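K.L.:
Please find the sequence and the predicted model below.
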Amino acid sequence: EAPLGDNITLVGAYRQTYYNLYSSNDFQITQRNWDHFGTDGISVIPDYRFKDGNLKLSGQTLNGDTYQVSTFLGQDQFSYSLVEDYMNMSVSQKYNEKNLQYGIRTQYNKLWKGKGTTEISMAYSRLQNEVSDVQNSTETRWMHSMHQQNKQIQNNVTELKTKIAGGFRPHPKHQTKYGVGLISNSTLLKESSGSNPIMDENTSGTQIMSYLQDRISLYNFIYLTVGLRADYSINIQNFYLQPRFKITIKPIPHLQFNGSWGLYNQFIFLSSVIDEYNNYQFLWMVSDGHRFPVLSSQHLVLGGIYRNRGFSFSVEAYYKKIEGITRIIQTYGDYSTFEGKNKTKGVDFFIKQDYKGHSLWLSYTISQSLEWFPYFADSEFKSSLQDQRHEFKISGILNLSPFFISANYVYGSGFLEHPPNAGDLPESYPYKRVDIAATYQFAIKKVKIETGLSILNLLNHEIIKFTDVTQIPVEESNTVSIYSEAVPFTPALFLNIRF
């Protein structure tokens, strides 16, 4: 971060992985125990390389207006390769995924001398995703090939967004916000197996959006927020009205109750794709109103929070109902689309205590997420991929200025196995993870420096993500699970310099 003048500042940041500098086996504190896939499948530690950078130029004019221009560029690559003997089969897989993301955003805020503000912004972003998955399973005795695959996927998504937004106070007890804009999205999806095309979709959509919101103060302890968002889809030629409502009640200074309800629509989404071996992948799509419907959700949230002398305690219950979920089922070179539903409910608990610069907080969530699609055998909702019943977190920061030490522990009851073993009830695999970090702040003349070390998954516990499991056929009715580990023991160094 560096000043370029009295009212202009340039901020830059860059991150990059250097996993080739060490071997995780040399650093791990505890010996890895493959609790779930070590005997029933094959586990691999993938190679993950990541780098990104961003620049932001911001400033202020003489009359108080502010402006900024920011850019972002990021790249990552996830890959692994294996050749293993499994029972009487030789199984191999070479997987490689590359992502490139970049964008730019400009913004100007106009100050109207006590009459409100107006923000004019324009943003462009693009994500390019490429996947190569080559698989083979061969019977070792007779060298009979059971399965061969050479899948190539290209999935690009772009967004161009312009918006004018602002706020003003028409009355001392009213605070009004408004906005109008144009959002344009496009996606490219190509998937092939060898020389045979499987999917070739090129979709785009543009929406004219507008919203109006008013926050009303009643009796100095009740606050009502009423809003309406309206989207007009040019390609679908349809209006989508989304009313929203929120109430806040403060009966005493340290206690607050909240309630909110709203409708939401989404025109660009990640669609789940399941192949003939029950492998999941997620691809970007744009709604066309027919094969790929517009996502529609209804949210209801009720809760309360108590704050006093550095202590905070909050409880929040929520219920979400979603319709128009797209799922694609692939069957041997062909695919079908299905429109599904989801309903999620849960309760979040949060406790935090601040004391002389130190902080300690705990959170607990109990939740349920269910889904239904027309291809299900009956009308009952079943557990979705993100269905996890319990999650507990504890985090703390120790302020020993100029040294700062932080740590957190996460325990989750685990996501259900997808797909479940035939004839068995779905099994969930708990996960637990410890992260630590230490930072040191100092200055050299006018240069402020912050440096530190962080370690993700300090104890190197196995973490299950079923989206990282690949099923490869080894016999006519059997498959072997290839599990690519999520978040292994990962140390990282960082440096922040301010001029």
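P.N.:
Cool, got the structure.

K.L.:
Low-confidence regions, the stretch 301-450 of the chain specifically.
P.N.:
Low-confidence segments of the stretch 301-450 of the chain (pLDDT under 70): 416-428.

K.L.:
Does Glu380 lie in a helix or a strand, and which?
P.N.:
Glu380 belongs to no helix or strand when assigned by DSSP states H and E.

K.L.:
Next, give phi and psi for it.
P.N.:
Dihedral pair for Glu380: phi -80, psi 140, per degrees, to the nearest 10.

K.L.:
What residues sit buried inside stretch 168-181?
P.N.:
For stretch 168-181, the neighbour count (16 or more other CB atoms under 10 Å) marks 175-179, 181 as buried. (Each C-beta comes from the backbone N, C-alpha and C, glycine too.)

K.L.:
which residues touch Gln242?
P.N.:
The neighbours of Gln242, taking CB atoms under 8 Å, 6 or more residues apart in numbering as the test, are 228-231, 262-265.

K.L.:
Which entries within the residues you listed meet the buried criterion?
P.N.:
Of those, these count as buried by 16+ other CB under 10 Å: 229-231, 262, 265.

K.L.:
Format the residues you listed as TSV; extra columns: distance to Ile463 and secondary structure.
P.N.:
Output for those, formatted as TSV (distance: CB to CB, whole Å; DSSP: H, G, I helix; E, B strand; the rest coil):
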residue	distance to Ile463	secondary structure
Arg229	38	strand
Ala230	42	strand
Asp231	38	strand
Gly262	34	strand
Asn265	34	strand
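
K.L.:
related to what we said a few turns ago, pick the one among the contacts of Gln242 closest to Gln207.
P.N.:
Asp231 (4.8 Å; CB to CB).

K.L.:
these two touch, right, that closest one and Asn265?
P.N.:
Yes - under the criterion of CB atoms under 8 Å, Asp231 is in contact with Asn265, at a separation of 6.0 Å.

K.L.:
sorry, back to before: can you name the two of the buried residues of stretch 168-181 that are farthest apart?
P.N.:
Gln175 and Gly181 (20.6 Å).

K.L.:
same for the helix or strand encompassing Ser192, what does it pack against?
P.N.:
Under the criterion of DSSP H and E, Ser192 resides in strand 174-193. If contacts are counted by 3 or more CB pairs under 8 Å, 6 or more residues apart in numbering; DSSP states H and E, strand 174-193 sits against strand 144-171, strand 196-218, strand 280-286.

K.L.:
now, of those strands, which is deepest in the fold?
P.N.:
strand 280-286 (a mean of 20; mean count of other CB atoms under 10 Å).

K.L.:
dump the residue contacts of the closest residue to Ser217 other than its chain neighbours.
P.N.:
Leaving aside its chain neighbours, Ser217 sits nearest to Lys173 (4.3 Å; criterion: CB to CB, 6 or more residues apart in numbering). Residues counted as contacts of Lys173 (CB under 8 Å, 6+ apart) are 216-218.

K.L.:
OK, contacts around the most centrally placed residue in the chain?
P.N.:
Nearest to the mean C-alpha position of the chain, counting by CA atoms, centre = their mean, stands Leu270 at 10.9 Å. Applying CB under 8 Å, 6+ apart, we find Leu270 in contact with 282-285.

K.L.:
May I see those arranged in CSV, with distance to Pro243 and pLDDT as well?
P.N.:
Formatted as CSV, these follow (distance: CB to CB, whole Å; pLDDT from 0 to 100):
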residue, distance to Pro243, pLDDT
Phe282, 30, 90
Leu283, 31, 91
Trp284, 28, 93
Met285, 27, 92
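
K.L.:
between the residues you listed, which is closest to Lys445?
P.N.:
Of all the contacts of Leu270, Trp284 has the smallest distance to Lys445: 48.1 Å, by CB to CB.

K.L.:
and the gap between that closest one and Asp387?
P.N.:
23 Å (CB to CB, to the nearest Å).

K.L.:
now do Pro253
P.N.:
39 Å.

K.L.:
More neighbours: the two, which one.
P.N.:
A count of neighbours by other CB atoms under 10 Å puts Asp387 above the other of Pro253 and Asp387, at 20 against 9.

K.L.:
Which of the helices or strands spans the more buried one?
P.N.:
Going by DSSP H and E, Asp387 is not in any helix or strand.

K.L.:
Equivalent analysis for Ile351, please.
P.N.:
Assigned by DSSP H and E, Ile351 belongs to strand 334-355.

K.L.:
Flag every buried residue along that strand.
P.N.:
In strand 334-355, counting by 16+ other CB under 10 Å, buried: 340-344, 346, 348, 350, 352.

K.L.:
which two in these are spaced the farthest apart?
P.N.:
Using CB to CB, the pair of the buried residues of strand 334-355 lying farthest apart is Gly340 and Lys352, separated by 37.4 Å.

K.L.:
Phi first, then psi, for Asn460.
P.N.:
Dihedral angles (degrees, to the nearest 10) for Asn460: phi 60, psi 40.

K.L.:
What score does it have for pLDDT?
P.N.:
Per-residue pLDDT puts Asn460 at 80.

K.L.:
Ok, Ile104 next?
P.N.:
97.

K.L.:
and the nearest residue to it once chain neighbours are set aside, what does it touch?
P.N.:
Leaving aside its chain neighbours, Ile104 sits nearest to Thr71 (4.8 Å; criterion: CB to CB, 6+ apart). By CB under 8 Å, 6+ apart, the contact list for Thr71 reads 54-56, 102-105.

K.L.:
Show me those residues that map onto helices.
P.N.:
Judged by DSSP state H, helices contain none of the contacts of Thr71.

K.L.:
Between these, which sits nearest Arg141?
P.N.:
Tyr102 (51.0 Å).

K.L.:
Tell me who's in contact with Asn185.
P.N.:
By CB under 8 Å, 6+ apart, the neighbours of Asn185 are 157-159, 204-206, 267-268, 286.

K.L.:
ok, what's across the strand from it?
P.N.:
Beta bridges link Asn185 to Glu159, Gly205, judged by DSSP bridges.

K.L.:
what about the residue of the chain most remote from its centre, distance to Val480?
P.N.:
In the chain, counting by CA atoms, centre = their mean, Trp142 sits farthest out from the average C-alpha position, at 46.0 Å. Distance, Trp142 to Val480, by CB to CB: 18 Å.

K.L.:
cool, and Ser296?
P.N.:
For Ser296, the distance to Val480 - CB to CB - is 40 Å.

K.L.:
Of the two, which one has the most company?
P.N.:
Higher neighbour count among Ser296 and Val480: Val480, with 21 against 17, using other CB under 10 Å.

K.L.:
That one falls within a helix, correct?
P.N.:
No - applying DSSP: H, G, I helix; E, B strand; the rest coil, one finds Val480 to be strand, outside a helix.

K.L.:
okay but it is in contact with Gln471, surely?
P.N.:
Yes - if you go by CB under 8 Å, Val480 and Gln471 touch, sitting 7.4 Å apart.

K.L.:
Can you report phi and psi for the closest residue to Phe267 other than its chain neighbours?
P.N.:
Among residues not flanking Phe267 along the chain, Ser287 sits closest, at 4.8 Å (CB to CB, 6+ apart). Backbone torsions for Ser287, taken as degrees, to the nearest 10, come to phi -70, psi 140.
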